[in-house]
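K.L.:
need a structure here:
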Amino acid sequence: MWAISNGGQLWEMLMAAAVGVGLAVYYDVFRVIRIILRPGAAAVFAQDMVYFGTSAIAAFLCFIAIGGGALRWYLFMGLLAGFTAYYLTLGRLVMAVTQQVVNAIVWAWHWLWTILLWPPRFLWKHLLRPLLKLLRRLEKWIVTKILRILQKILKKPLKSGKQLWYNLHKNIKRQEIHRKME
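P.N.:
Residues are numbered from 1 along each chain as shown. I've put the predicted structure just below:
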């Protein structure tokens with residue numbers, strides 16, 4: 001078993017703290033994605049699993065490189081201290097700035113679309129919608145007029161006596177019967 005000096009242990013702990021800061025920055029990438037995309041619970045769970053899996057592998061490989069293959073408790077303490085220090089200081093600042101930037105982008109995007117869509121909305125509201133209402137009324141008026149005309153054309157007035165088409169056959173038979181009787 002080989003021994004390591006206190007200065008060496010401190011140096012390894014500071015390197016592990018730097019790895020912890022790196023993992024916290026890596027976690028901030030996922031947090032920024034969550035602010036921008038607002039994913040559901042399943043997507044957040046999947047992101048967390050990806051983060052913890054990749055960060056565990058990265059931390060293990062860094063510990064092997066830093067500690068020379070020996071996993072020591074102060075390496076884990078340094079990792080935790082670095083992650084916590086970043087998360088509680090710069091991490092909060094990064095998230096606040098990110099939230100403000102995202103809000104500014106969303107605001108600018110909203111106003112851009114408001115400005116771009118103003119002419120079509122104005123045309124729709126003040127020109128096309130009243131024109132469409134007028135056309136619908138005109139269409140309704142034309143349809144009712146056509147239906148009234150068709151109703152007059154198709155409605156045959158009843159005729160009296162021998163002029164009725166449905167009585168013509170009966171009238172011919174009556175005339176034949178009267179001739180034979182004479």
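K.L.:
Can you get me a residue count around residue 12?
P.N.:
For residue 12, the neighbour count with other C-beta atoms under 10 Å is 20. (Each C-beta comes from the backbone N, C-alpha and C, glycine too.)
K.L.:
just checking, it touches residue 66?
P.N.:
Yes. Taking contacts as C-beta atoms under 8 Å, residue 12 lies within contact range of residue 66: 5.2 Å.
K.L.:
Walk me through the domains of the chain.
P.N.:
Residue ranges for the domains of the chain, per automatic domain parsing: 6-88, 104-182.
K.L.:
now the helices for this protein?
P.N.:
Counting by DSSP state H, the chain has helices at residues 6-37, 41-67, 73-88, 90-123, 129-154, 165-181.
K.L.:
Just give me the lowest mean pLDDT stretch among those.
P.N.:
The weakest mean pLDDT among the helices of the chain belongs to helix 165-181, with a mean of 63.
K.L.:
Can you tell me how far the closest residue to residue 74 other than its chain neighbours is from residue 115?
P.N.:
Using C-beta to C-beta, 6 or more residues apart in numbering and skipping the chain neighbours, the partner closest in space to residue 74 is residue 13 (4.9 Å). Remark: distance between residue 13 and residue 115 (C-beta to C-beta, to the nearest Å) = 55 Å.
K.L.:
Neighbour count: those two, which is higher?
P.N.:
A count of neighbours by other C-beta under 10 Å puts residue 13 above the other of residue 13 and residue 115, at 20 against 9.
K.L.:
ok, now how distant is that one from residue 63?
P.N.:
Applying C-beta to C-beta to residue 13 and residue 63 gives a distance of 11 Å.
K.L.:
residues bridging contact with these two, i.e. touching both?
P.N.:
Counting by C-beta atoms under 8 Å, 6 or more residues apart in numbering, the residues touching both residue 13 and residue 63 are residue 75.
K.L.:
Count the neighbours of residue 75 for me.
P.N.:
Count around residue 75 with other C-beta under 10 Å applied: 23.
K.L.:
Same question for residue 43.
P.N.:
Counted with other C-beta under 10 Å, the neighbours of residue 43 add up to 13.
K.L.:
Let me see the contact set for it.
P.N.:
Taking C-beta under 8 Å, 6+ apart, we find residue 43 in contact with residue 37.
K.L.:
same thing but 10 Å
P.N.:
Contact partners of residue 43, counting by C-beta atoms under 10 Å, 6 or more residues apart in numbering, are 33-34, 37.
K.L.:
which one of these is nearest residue 87?
P.N.:
residue 34 (14.9 Å; C-beta to C-beta).
K.L.:
For that closest one, give its distance to residue 181.
P.N.:
Per C-beta to C-beta, residue 34 is found 106 Å from residue 181.
K.L.:
Could you do residue 117 as well?
P.N.:
90 Å.
K.L.:
With that, I have no additional questions.
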